[in-house]
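Participant: Sequence and predicted structure below; questions after.
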Amino acid sequence: CVCLCVRPVNASHTRHARNVTRGGRTLVALIGQIRGGELAERSLIQHVLKPNQADLVLMVPKTASLLNSSLAARARYVWTLREPENWKQPIAAIAQALGA
């Protein structure tokens, strides 16, 4: 899975990370297969989502385990898709849309 963390940045100071807007929210997007089980999910929540007061977006294949995961319960948005044979094309499309 690919994890993207996006923080809102003050438009007049985009060159320096220390100028992150204090009132903004962080967005964490997990793209791909979620692996590692409940322990990994709780670790992500404890060490990434909570300290950053981050919203979570999942773009993952629809599976039975997804429906029972703590990440799905925590996510603000869950976008499910058919599992591609190769994740290269969907990841490249996302990167292009983000201007990366």
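Facilitator: Everything's here; your move. Numbers count the residues shown, from 1 in each chain.
Participant: what helix or strand does the most centrally placed residue in the chain sit in?
Facilitator: Compute the mean C-alpha point of the chain, and by C-alpha atoms, centre = their mean the closest residue is A29, 1.2 Å away. If you go by DSSP states H and E, A29 is part of strand 26-31.
Participant: angle of the helix or strand just after that strand against strand 26-31?
Facilitator: Later in the chain than strand 26-31, the nearest helix or strand by DSSP H and E is helix 37-44. For helix 37-44 against strand 26-31, the angle between stretch directions is 150 degrees (axes from the mean of the first three to the mean of the last three C-alpha atoms, to 10 degrees).
Participant: Direction included, what does the helix or strand following helix 37-44 pair up with?
Facilitator: Proceeding N to C from helix 37-44, the next assigned helix or strand is strand 54-61, under DSSP H and E. With DSSP bridges as the test, strand 54-61 is paired with strand 26-31 (parallel), strand 77-81 (parallel).
Participant: Hmm, N52 and T26 touching each other?
Facilitator: Yes. If you go by C-beta atoms under 8 Å, T26 and N52 touch, sitting 4.4 Å apart. Quick note: C-beta positions are derived from backbone N, CA and C, even for glycine.
Participant: the more surrounded of these two?
Facilitator: T26 (17 against 14; other C-beta atoms under 10 Å).
Participant: Skipping its backbone neighbours, what lies nearest the more buried one in space?
Facilitator: A54 (4.0 Å; C-beta to C-beta, 6 or more residues apart in numbering).
Participant: same question, R74
Facilitator: Residue nearest to R74 in three dimensions, not counting chain neighbours: L56, with 5.6 Å by C-beta to C-beta, 6+ apart.
Participant: Give the burial count for the one you found, as a bare number.
Facilitator: With other C-beta under 10 Å as criterion, L56 counts 21.
Participant: quick one: contacts for it?
Facilitator: Contacts for L56 (C-beta atoms under 8 Å, 6 or more residues apart in numbering) come out as 27-30, 49, 71, 74-76.
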